[in-house]
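K.L.:
pasting the structure only:
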């Protein structure tokens, strides 16, 4: 009788530790009309992660560039040097990282500084006039 009662209790206690949560998602950013052509516009979103009984919430962001031909470029706002947040400098027409003066052109390519490669890109899609970015599975080295 103790075993019959103990199995559901043990299952209840270990179930959260065994669940796998998908870290991939399509994130809605709103109407495509809200993004100007030719000028990067910042976006941000949060994702929660459940690891057993621990829940963490992380913020992510980037920039959407709608090109004159209609192509859409979604760039991460994390510098590829040490993951500091980059900002779009309208006057300089480049993304600038305040940590070590890294500079990226409007399409995320390295202009100057220590970054090893261009800004990371998000995959995009438009459905019924709304823009979505694909949040990929988090890599083991990301936090």
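P.N.:
Alright, I've got the coordinates. Keep in mind that what you see is a predicted model, and the values were worked out from it rather than measured. Residues are numbered from 1 along each chain as shown.
K.L.:
find the nearest non-adjacent residue to residue 89, please.
P.N.:
Distances taken as CB to CB, 6 or more residues apart in numbering put residue 96 closest to residue 89, at 4.9 Å, once the chain neighbours are dropped. Bear in mind the C-beta positions are built from the backbone N, C-alpha and C, glycine included.
K.L.:
next one: residue 99
P.N.:
That would be residue 84: by CB to CB, 6+ apart, it lies 3.9 Å from residue 99.
K.L.:
make sure that neighbour is actually in contact with residue 101.
P.N.:
No. The criterion here is CB atoms under 8 Å, and residue 84 misses it with residue 101 at 10.6 Å.
K.L.:
what about these two, which has more around it?
P.N.:
Looking at residue 84 and residue 101 with other CB atoms under 10 Å, you find the greater number of neighbours at residue 84, namely 14 against 11.
K.L.:
check contacts around the more buried one.
P.N.:
78, 97-100 (CB atoms under 8 Å, 6 or more residues apart in numbering).
K.L.:
per-residue confidence at it?
P.N.:
If you check residue 84, the pLDDT there is 95.
K.L.:
do the same with residue 58
P.N.:
pLDDT, read off for residue 58, is 87.
K.L.:
ok, which stretches of the chain are helices?
P.N.:
With DSSP state H as the criterion, the chain has helices at 2-18.
K.L.:
once you drop chain neighbours, what's closest to the residue nearest to the spatial centre of it?
P.N.:
In the chain, the C-alpha nearest the mean C-alpha coordinate belongs to residue 60, at 4.5 Å (CA atoms, centre = their mean). Nearest residue to residue 60, sequence neighbours excluded (CB to CB, 6+ apart): residue 45, at 5.8 Å.
K.L.:
can you map out the strands along the protein?
P.N.:
25-31, 41-51, 54-66, 72-76, 87-89, 94-96, 103-104, 110-112, 121-127, 130-135 (DSSP state E).
K.L.:
mind listing the strands the fifth one pairs with, and their directions?
P.N.:
To tie it back to what came earlier, the one meant is strand 87-89. strand 94-96 (antiparallel) (DSSP bridges).
K.L.:
for the record, mean pLDDT for the strand it pairs with?
P.N.:
97.
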